[in-house]
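Q: This is a predicted model, with the sequence first.
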Amino acid sequence: MWSLRCCLLLALALLIPCATAARKCDLQGLWRNELGSNMTLSALDAAGTFSGSYHTAVTATNKKIVVSALRGAQQHSGTRGQPTFGFTVQWQFTDSTTAFVGQCFIDHRGKEMLETVWLLWEEVPSHRDAWKATR
């Protein structure tokens with residue numbers, strides 16, 4: 001009986017990497033980050049673009065945070081199915097826009113994760129102040 005269990009575990013261990021390797025990232029759905037922000041993304045259209053909403057949990061303003069619209073595009077998936085993407089959020093509660101770029105990854109357990117970097121540009125009163133507009 002022990003050798004049967006061992007063989008089954010070994011078989012499952014060998015099959016799981018194959019199943020996750022064949023799986024492709026799908027950006028559609030609800031995403032949450034470690035800071036409590038969340039976004040919902042629509043399905044990709046034929047051109048690889050998507051839309052959605054972003055609800056941030058982090059802000060530098062005292063204004064009430066509200067859900068903001070986003071628009072983006074995804075590169076066609078490569079052979080690994082872990083595509084790159086980018087999107088912008090026009091914040092509805094402050095005079096700023098943020099651009100995000102990143103890639104979707106699938107870990108060894110089959111969990112999808114988005115790794116991104118972002119650049120926020122806040123409206124400033126003049127061109128002379130542009131140096132302090134970005135975060």
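A: Right, received. Where do you want to start? The structure presented is a predicted model; accordingly, all values stated were derived computationally and were not measured.

Q: hey, where'd the helices end up in the chain?
A: Secondary structure of the chain (DSSP state H): helices at 2-22.

Q: Work out which residue lies at the spatial centre of it.
A: Compute the mean C-alpha point of the chain, and by Cα atoms, centre = their mean the closest residue is L114, 4.1 Å away.

Q: Confirm for me that it is in contact with W31.
A: Yes: between L114 and W31 a contact is recorded at 6.1 Å, counting by Cβ atoms under 8 Å. All C-beta spots, glycine's among them, are computed from the backbone N, C-alpha and C.

Q: about what we covered before: what's the residue nearest to the centre of the chain in contact with, if anything?
A: By Cβ atoms under 8 Å, 6 or more residues apart in numbering, L114 lies in contact with 27, 31, 102-105.

Q: go with 7 Å
A: 31, 102, 104 (Cβ atoms under 7 Å, 6 or more residues apart in numbering).

Q: burial measure for the second one, as a count.
A: For G102, the tally of surrounding residues (other Cβ atoms under 10 Å) stands at 16.

Q: Bridging across strands, which residues link to it?
A: F85, T116 (DSSP bridges).

Q: where along this protein do the strands fall?
A: Using DSSP state E, the strands of the chain run over residues 29-32, 38-41, 49-55, 68-74, 84-90, 96-106, 112-122.

Q: would you turn these into a markdown table with distance to T134?
A: Putting the strands of the chain into a markdown table (distance: least, Cβ to Cβ, whole Å) gives the following:
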| stretch | distance to T134 |
| --- | --- |
| strand 29-32 | 24 |
| strand 38-41 | 21 |
| strand 49-55 | 19 |
| strand 68-74 | 18 |
| strand 84-90 | 14 |
| strand 96-106 | 10 |
| strand 112-122 | 6 |
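
Q: Help me confirm that K24 comes into contact with G81.
A: Yes: applying Cβ atoms under 7 Å, one finds K24 in contact with G81, separated by 3.0 Å.
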